[in-house]
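A.B. asks: sequence? don't have it. structure:
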């Protein structure tokens, strides 16, 4: 009864067609996941691999597994200069989608950032990425935060509609950035450190999040949805993206494209909670008043548990 109630209430709140959801559900036979990457291309210098090598490593892993992904460009991280632009172009030329992730990655929830300033960041980024192969009018909110006030939230929704942009929701959020920070911290102390423990912890983190968000989708929608995975253009994925993709396959998940994932009616929903942001699944849960459900903390702790375990092991 709980699942039915959640589905009914949320569909009414979002004015979605129950028949449309049901028809789509009949076409879904197995759990699938689409790969998306934020904050790219990042041209900052990092240990082990230079920016070109990191970019090539991620593209090579995607090609090896025949994965079509999406790169959400933060232009000020490199794409606004020739070297970084070339890295972003390589994604489009490889058949991946290119989306918008602002110029400098401001936080819309920041009281010092106005709605107009935030929207200008999007349009400035658009001028750069619109010239790239693979360009899509997809916008990924920075920090997955849709505004700290109803005025910002609703203003952005209207702005995106006017500009012909879709909200490129994330359903399967990860804290890969936290592992990247740990990786850089360890390599700064010891450039030759054994990274195998960090890799295993990272892979287990991805698996834990995947299973938890799949379970949450069943609670909220009563079915498997094509999950949209959030990763970042960083060193941790340059090193271990191959293993991440292979792990999903070993789990029995199929790989879909962002285009096909976003075609699912679930990505047309707009959570009505004033606390929009984070994973679409968590925003749905808040909109329905689900509260701190079993497993909630592990989806919101930014991998604190994994970091504590790594610290206890000397990392």
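C.D. replies: Perfect, I can see it now. Since the model is a prediction, treat every value here as computed from it, not as a measurement.
A.B. asks: please enumerate the strands of the stretch 201-315 of the chain.
C.D. replies: Here the stretch 201-315 of the chain has its strands, by DSSP state E, counting those that start in this stretch, at 227-232, 254-255.
A.B. asks: after the strand ranked longest in the chain comes which helix or strand?
C.D. replies: Using DSSP state E, we find that the single longest strand of the chain is strand 32-40. Following strand 32-40 in sequence order, the next helix or strand is helix 51-64 (DSSP states H and E).
A.B. asks: mean confidence for that next one?
C.D. replies: Averaged across helix 51-64, pLDDT comes to 98.
A.B. asks: and for stretch 209-223?
C.D. replies: 95.
A.B. asks: list the residue ranges of the stretch 201-315 of the chain that fall below the pLDDT cut-off.
C.D. replies: 273-277 (pLDDT under 70).
A.B. asks: can you give me the strands for the stretch 1-150 of the chain?
C.D. replies: Using DSSP E, counting those that start in this stretch, the strands of the stretch 1-150 of the chain run over 32-40, 70-73, 97-100, 135-139.
A.B. asks: go through those strands and name the closest to residue 253.
C.D. replies: For the strands of the stretch 1-150 of the chain, proximity to residue 253 was assessed by C-beta to C-beta; strand 32-40 is nearest, at 5.4 Å. Bear in mind the C-beta positions are built from the backbone N, C-alpha and C, glycine included.
A.B. asks: partner strands of the closest one, parallel or antiparallel?
C.D. replies: Sheet partners assigned to strand 32-40 using DSSP bridges are listed as strand 70-73 (parallel), strand 227-232 (parallel), strand 254-255 (parallel).
A.B. asks: okay, these in JSON lines with mean neighbour count next?
C.D. replies: Listed next are the strands paired with strand 32-40 as JSON lines, based on neighbours: other C-beta atoms under 10 Å:
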{"stretch": "strand 70-73", "mean neighbour count": "30"}
{"stretch": "strand 227-232", "mean neighbour count": "24"}
{"stretch": "strand 254-255", "mean neighbour count": "15"}
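A.B. asks: of all these, which one comes closest to residue 81?
C.D. replies: Across those, closest to residue 81 is strand 70-73 (C-beta to C-beta), at 12.5 Å.
A.B. asks: follow-up on the earlier one: deepest-packed of the strands of the stretch 1-150 of the chain, please.
C.D. replies: Greatest average neighbour count among the strands of the stretch 1-150 of the chain goes to strand 70-73 (a mean of 30), per mean count of other C-beta atoms under 10 Å.
A.B. asks: if we can go back for a sec, to residue 278, which of the strands of the stretch 1-150 of the chain lies closest?
C.D. replies: Of all these, strand 32-40 sits nearest to residue 278, with 13.6 Å by C-beta to C-beta.
A.B. asks: show the average pLDDT along that closest one.
C.D. replies: Mean predicted lDDT for strand 32-40 stands at 98.
A.B. asks: so how far is that strand off the chain centroid?
C.D. replies: 5 Å (C-alpha atoms, centre = their mean, to the nearest Å).
A.B. asks: give me the angle between it and helix 51-64.
C.D. replies: 170 degrees (axes from the mean of the first three to the mean of the last three C-alpha atoms, to 10 degrees).
A.B. asks: surely residue 298 touches residue 304?
C.D. replies: No. Residue 298 is beyond contact range of residue 304, at 9.3 Å (criterion: C-beta atoms under 8 Å).
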